[in-house]
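Undergrad: Make a model of this:
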Amino acid sequence: MDISLFFDTLKLTDTKNKVEIKPGISIGQLQEIEKKLDIQLPDDLIRFYTFSNGIEGDELLFNIIPLNDISKLEDNIGHYLEFAEYLIYSEMCFLEIDALDKNKYRIFTQGAPVDSVQFQRHYKSNSIFDFIQLYCDKGTFGIFGDE
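TA: Residues are numbered from 1 along each chain as shown. The predicted structure follows:
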């Protein structure tokens, strides 16, 4: 997908919520962060972060976190990254990259704890583009609601 065309379309579309696009980072910076976090980002997220190092939404301080501010977390299912948040880290979205295929990933919110190490995952999207579109169409509660 052509990411600049995607954002141009969003700007022209009458969506419920708008996003502010932050300047992208270089491939070199991105590779340094991948090395630091010991991850390989999916190809569409590489395109996203080199075009826009995060976005800010106009509803409830929604934010896709800049790559250099992302933290890597782990539970008994695997590794995941802090990916998006609202109301200054009141609630979080996380990114889970498939260990066998870096281009398969899912974005989820957390639900009630399952046990002391793991919480329920409410999967919202397996595409950065669909995730941003979900925010634009349904807002923060379209993402962070338990629907």
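Undergrad: going forward, measure contacts between C-alpha atoms and count neighbours the same way
TA: Noted.
Undergrad: Point out where this protein drops to low pLDDT.
TA: The chain contains residues with pLDDT under 70 at 1, 10, 12, 111-119, 146-147.
Undergrad: centroid residue for it?
TA: residue 83 (4.2 Å; Cα atoms, centre = their mean).
Undergrad: Could you say which helix or strand holds that residue?
TA: Assigned by DSSP states H and E, residue 83 belongs to strand 79-86.
Undergrad: In its sheet, which strands sit next to the following helix or strand past that strand, and in what direction?
TA: Once the chain leaves strand 79-86, the next helix or strand it forms, by DSSP H and E, is strand 91-97. Partners of strand 91-97 in the sheet, by DSSP bridges, are strand 79-86 (antiparallel), strand 105-113 (antiparallel).
Undergrad: Pretty sure residue 98 sits against residue 107.
TA: No. Between residue 98 and residue 107 there is no contact under Cα atoms under 8 Å: 11.4 Å.
Undergrad: picking up where we left off before, so can I have JSON lines of the strands paired with strand 91-97 showing distance to residue 136?
TA: Below are the strands paired with strand 91-97 laid out as JSON lines (distance: least, Cα to Cα, whole Å):
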{"stretch": "strand 79-86", "distance to residue 136": "14"}
{"stretch": "strand 105-113", "distance to residue 136": "16"}
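Undergrad: who wins for proximity to residue 41 among those strands?
TA: Closest of the strands paired with strand 91-97 to residue 41 is strand 105-113, at 9.2 Å (criterion: Cα to Cα).
Undergrad: Let me know the next secondary structure element after the closest one.
TA: strand 119-125.
Undergrad: Okay, buried residues for the helix or strand following that following strand please.
TA: Per DSSP H and E, the first helix or strand lying C-terminal to strand 119-125 is helix 128-138. Within helix 128-138, the residues scored as buried using 16 or more other Cα atoms under 10 Å are 128, 129, 131, 132, 133, 134, 135, 136.
Undergrad: do stretch 38-49 as well
TA: By neighbour count with 16+ other Cα under 10 Å, stretch 38-49 contains the buried residues 39, 40, 41, 42, 44, 45, 46, 47, 48, 49.
Undergrad: For the third one, which non-adjacent residue is spatially closest?
TA: Think residue 41. residue 102 (6.3 Å; Cα to Cα, 6 or more residues apart in numbering).
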